[in-house]
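Novice: Generate coordinates for the sequence data below:
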Amino acid sequence: MKLSSVSALLILDNDGNRVFSKYYNGPFSSDRDAKEFEEAVFKKTKETDFEIVALRGMTVVYRSSVDVLFYVVGDGEENELILSQALNTFFDTISVILKKNVEKKSILNKMGLVMLAADDFIQEGVILECDSDAIVARVCPKSELQEGVAASGMMGSLPITEQTVQQVLQSAREGFKWSLLR
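Specialist: Below is the predicted model of the structure:
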């Protein structure tokens, strides 16, 4: 039985520059090889509208957000749906960590948590977890997560059993306010 594996996690900015990268296996023996691959990936995905591309015998799935692009790279034989699920899990985890402000500056400011999330999510190329809430719960300090959730009005990110009465009321107020503004 073969475990699903990921060859690389990448976050590149809109100019193709590396914001974050984590290589697990594959033909990336040196930093130069990795940089060349990142340039090729960026060039290939910049000129297509598809979310899945094949490049150098690798399957690449990607997603963009504001000024960054998220990539999950797998072997050419890897299942695209599994890679896509891995990409969605990684993106959702980063989105919660960054309080839905997924842009280059925020990623750089919280790079430590981004790295912890990547390490908790995938180890040695093997996908360990596909539940972004579970990853966030293990990676983020609980006090920071609750502060960020309360400040951004994202109470739905925390299970209701972990919210205080005040947080639940705040969430209800926010929901009511947004329903009136629509």
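
Novice: Show the backbone phi and psi for Met58.
Specialist: When quoted as degrees, to the nearest 10, the phi and psi of Met58 stand at phi -120, psi 150.

Novice: what number of residues lie near it?
Specialist: 21 (other CB atoms under 10 Å). Quick note: C-beta positions are derived from backbone N, CA and C, even for glycine.

Novice: which SS state does the nearest residue to it once chain neighbours are set aside fall under?
Specialist: Distances taken as CB to CB, 6 or more residues apart in numbering place Val73 nearest to Met58, at 5.4 Å, with adjacent residues excluded. Three-state assignment for Val73 (DSSP: H, G, I helix; E, B strand; the rest coil): strand.

Novice: so where's the protein uncertain?
Specialist: In the predicted model of the chain, residues 1-4, 26, 142-166, 176-182 satisfy pLDDT under 70.

Novice: Show me the helices in the protein, by range?
Specialist: Using DSSP state H, the helices of the chain run over 31-46, 80-97, 104-109, 111-121, 132-139, 142-152, 165-181.

Novice: Tell me the buried residues in the second one?
Specialist: It refers to helix 80-97. When burial is assessed from 16 or more other CB atoms under 10 Å, helix 80-97 yields the following buried residues: 82-97.

Novice: gap between the nearest residue to Leu87 once chain neighbours are set aside and Glu129?
Specialist: Spatial nearest neighbour of Leu87, chain neighbours left out: Val72 (4.3 Å); criterion: CB to CB, 6+ apart. Per CB to CB, to the nearest Å, Val72 is found 14 Å from Glu129.
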